[in-house]
Every structure is written in C-alpha cells, then in structure tokens.
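Student: Pasted the sequence and its predicted model underneath.
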Amino acid sequence: MVDTKKLEALLEQDGIVFLTYASFITQSLIVGMTEALEKESETSDLSMKTSNNMFTIFIELSQNMMNYTKKIEIDGKEFDPKGMVIVGRNDNEHYYLLSQNVVSTEDKARLEPKLQTIMDTDLAGIKKLYKEARRSGKDKHGNSGGGIGFYEIAKRCKNIEYDFMPISDNRFNFRFKAVM
C-alpha cells in the first residue's frame, strides 16, 4: 500500500504543491487541470501576469508530454509511460512547474541543443529566437518539435532546469522545471 504521508512529504520538499498529476495526459485533462489552477490562482490572489504565465507554461509542458511521451519496453513487455506534472510554490515565494516524461534518443538529440541554447541566451535573445521560430514555422508540433514552446516558457520564467536520465538504450526520463 502507498504511504500517502511519505508521498505528501516528498511533494512538499520544494514548497506548497497546488497540483500534482501523474498518468496519461489528454487534452480534456489539460483543460480540467487548467480550471483547477484557475481556482487556485483566485484563492491565492495571484496577479494576472503570474496566473497567465503559470497557465501558459502548464499548457506547454502538458502538451509536450501528451505529444512526445514514448512507450518503453521493460523485460520484453511494452508499457505506455505516464507523464507527471507538478505546480507549486517554494519557500522563496517563487512558483514552479515541473514535468517528467519518457522521450526517445532522437527526441533527446533534438531537445537538448535547443534547451542548452535557451540556457545560454539572455531574455532579449530568447525573444528574438522565439520570433524567428514563429516566422519560420520550423518548430511546430509534428515537425522537429520542442522548440517554440520552450522559447515561450523561457520568456515567462526566471530560470529553467532540465535533465535526461537514461532508462534504457533508447529511452530517457526527461525532467523539466520552470521557476517563475
């Protein structure tokens, strides 16, 4: 049986958690969770800017999980992995959004250089990259993926963190955190 006290303590290590979801992601679930975030932002009296940034980042991360999560094979059995998203506030009054999902080696090879470029670029440069990507249409879902959405996130937060943890020869757990 799951010890909910341990799970709750783990989730709150980074501060107050408003929303936690770990399972299959669908568009209707994203809508429902956005409504829950809207209620939380009203109760917490968040500014319109903070609320809008939180919603935008949440939607981007959730759609990335929905569109790019890969199946994994363990001991000859194929599993549909579940994405995870957490929204919370840490002790420094900063809000954060954390996502985790399984990606392929190919997706890692596409995502990592883009994410590193974002990490190495100032806000003005990120805005320029965002505009260029929008004009070119190259980084839309279904094409090379994982571009314009990360620029959108980077424009709206103080910093991002990411890592890729290997889980097999061709699959990685992709963890992404945006702090506002």
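Tutor: Nice, I can see it.
Student: The helix or strand containing residue 67 packs against which elements?
Tutor: Counting by DSSP states H and E, the element that carries residue 67 is helix 48-68. Other helices and strands packing on helix 48-68, by 3 or more C-beta pairs under 8 Å, 6 or more residues apart in numbering; DSSP states H and E, are helix 27-43, strand 83-89, strand 95-104, helix 148-156, strand 171-179. For glycine as for every other residue, the C-beta is placed from the backbone atoms N, C-alpha and C.
Student: Just the local confidence number for residue 29, please.
Tutor: The predicted structure scores residue 29 at 75 on the pLDDT scale.
Student: Next, work out how far apart it and residue 130 are.
Tutor: Counting by C-beta to C-beta, to the nearest Å, the separation of residue 29 from residue 130 is 27 Å.
Student: neighbour count winner among these two?
Tutor: Each of residue 29 and residue 130 had its neighbours counted (other C-beta atoms under 10 Å), and the higher figure belongs to residue 130 (20 against 15).
Student: thought that one was touching residue 148?
Tutor: Yes. Using C-beta atoms under 8 Å, residue 130 is in contact with residue 148, at 6.7 Å.
Student: how close does the residue nearest the centre of the chain get to residue 29?
Tutor: Ranked by distance to the mean C-alpha position of the chain (C-alpha atoms, centre = their mean), the top residue is residue 61 at 3.3 Å. Noted for residue 61: a distance of 13 Å to residue 29, by C-beta to C-beta.
Student: before we move on, what about residue 19?
Tutor: Applying C-beta to C-beta, the value for residue 19 to residue 29 is 11 Å.
Student: Then residue 113?
Tutor: Taken as C-beta to C-beta, the spacing of residue 113 relative to residue 29 amounts to 30 Å.
Student: Lowest mean pLDDT among the helices and strands of this structure, which one is it?
Tutor: Taking mean pLDDT, DSSP states H and E as the measure, the helices and strands of the chain show their lowest mean at helix 4-11, namely a mean of 57.
Student: How far off centre is stretch 90-105?
Tutor: 6 Å (C-alpha atoms, centre = their mean, to the nearest Å).
Student: And stretch 115-124, by the same measure?
Tutor: Counting by C-alpha atoms, centre = their mean, stretch 115-124 is centred 17 Å from the centre of its parent chain.
Student: Residue 19 is in contact with residue 40, correct?
Tutor: Yes. Residue 40 is within contact range of residue 19, at 7.1 Å (criterion: C-beta under 8 Å).
Student: Can you name the residues that contact the nearest residue to residue 163 once chain neighbours are set aside?
Tutor: Spatial nearest neighbour of residue 163, excluding adjacent residues (C-beta to C-beta, 6 or more residues apart in numbering): residue 175 at 5.2 Å. Residues touching residue 175, when contacts are defined by C-beta atoms under 8 Å, 6 or more residues apart in numbering, comprise 98-100, 162-165.
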